[in-house]
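[1] quick one: sequence and predicted model below, then my questions.
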Amino acid sequence: MIVVIRKKMKRTFFFAVIFLILTGLSNATLSQEKRIKKNQHTNESMSNKIIKPEEEWKTILTPLEYHILREKGTERPFTGKFYLHKETGIYHCNACGNELFRSETKFDAGCGWPSFYEPINRNSIIERLDTSHGMIRTEVICARCESHLGHVFNDGPNPTGLRYCINSVSLGFDEEEGERQTDQ
Ligand SMILES: [Zn+2]
């Protein structure tokens, strides 16, 4: 009889241990998932990324904007609204509003597209290797929404020697209000 009780106790003890291990494991997995989710959220807010499904971009952008910004299209040269644009201000991403280039860095490259010798901030754009169309080029995309902007070439003027060749369709423009500065 005592042997039977001991066996039963042993079995109960065994199941209790298994139960505790399993509960502990699932709790550990849960807390790990929570941490990853929390970190993901922190990373997203820190980098300020705007990631939308393509279907949503299609409803926000015109067909031409969608083709160039989201399908890496190129506008016909000498046709873009900012090609000969000379106003003072800041050019931003036409998809998400991220500030990209200052008008002071714009120059006439004669290539048919708006050209800049440097971005407003190193973190405002991302450069990627592009081997499409049988060429080796460096693609320029918006760092916030990863929309296609254009390409960068190393035949630009001083001080950088770079030419950021950007589609007008990929850009929006905010004119700088000079008068406001004199009022203050
Ligand atoms: Zn953008």
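    It's in. Numbers count the residues shown, from 1 in each chain.
[2] next SSE after the helix or strand bottoming out on mean pLDDT in the chain?
    Lowest by mean pLDDT, DSSP states H and E among the helices and strands of the chain is helix 2-47, with a mean of 48. Remark: after helix 2-47, the chain's next helix or strand is helix 54-60, criterion DSSP states H and E.
[3] name the helices or strands packed onto that following helix?
    Using 3 or more C-beta pairs under 8 Å, 6 or more residues apart in numbering; DSSP states H and E as the contact criterion, the secondary-structure elements in contact with helix 54-60 are helix 63-70. For glycine as for every other residue, the C-beta is placed from the backbone atoms N, C-alpha and C.
[4] please see if the helix it packs on touches the ion.
    No: Helix 63-70 lies apart from the ion when judged by C-beta under 5 Å from the ion; the minimum separation is 7.9 Å.
[5] so for that helix, what gets flagged as buried?
    Residues 65-70 are the ones in helix 63-70 that count as buried (16 or more other C-beta atoms under 10 Å).
[6] ok, so of those residues, who is nearest His92?
    When the buried residues of helix 63-70 are compared for distance to His92 (C-beta to C-beta), Leu69 wins out at 12.6 Å.
[7] at the contact with the ion, which residues of the protein appear?
    Applying the criterion C-beta under 5 Å from the ion, the portion of the chain that neighbours the ion consists of 93, 95-96, 98, 142, 144-145, 147.
[8] list the buried residues of stretch 50-67.
    The neighbour-count criterion (16+ other C-beta under 10 Å) identifies 50, 57, 61, 65-67 as the buried residues of stretch 50-67.
[9] and what of stretch 82-100?
    Of the residues in stretch 82-100, 82-83, 89-96, 98-100 count as buried by neighbour count, 16+ other C-beta under 10 Å.
[10] hey, C-alpha coordinates of that stretch in CSV?
    Written as CSV, here are the backbone C-alpha positions of stretch 82-100 (Å, rounded to 0.1, in the frame of the first residue of the first chain):
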residue,chain,number,x,y,z
PHE,A,82,11.4,71.2,-61.5
TYR,A,83,14.0,70.9,-64.3
LEU,A,84,14.4,74.6,-64.7
HIS,A,85,12.9,75.6,-61.3
LYS,A,86,15.0,78.2,-59.6
GLU,A,87,13.0,79.3,-56.5
THR,A,88,14.6,79.3,-53.1
GLY,A,89,13.4,76.6,-50.7
ILE,A,90,13.4,72.9,-49.9
TYR,A,91,12.5,69.9,-52.1
HIS,A,92,10.8,67.1,-50.4
CYS,A,93,9.7,63.5,-51.2
ASN,A,94,6.4,63.7,-53.2
ALA,A,95,5.2,60.5,-51.5
CYS,A,96,5.9,61.2,-47.8
GLY,A,97,7.1,64.8,-47.4
ASN,A,98,10.6,63.9,-46.2
GLU,A,99,12.9,66.8,-46.8
LEU,A,100,15.5,65.9,-49.4
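[11] nothing else from me, thank you.
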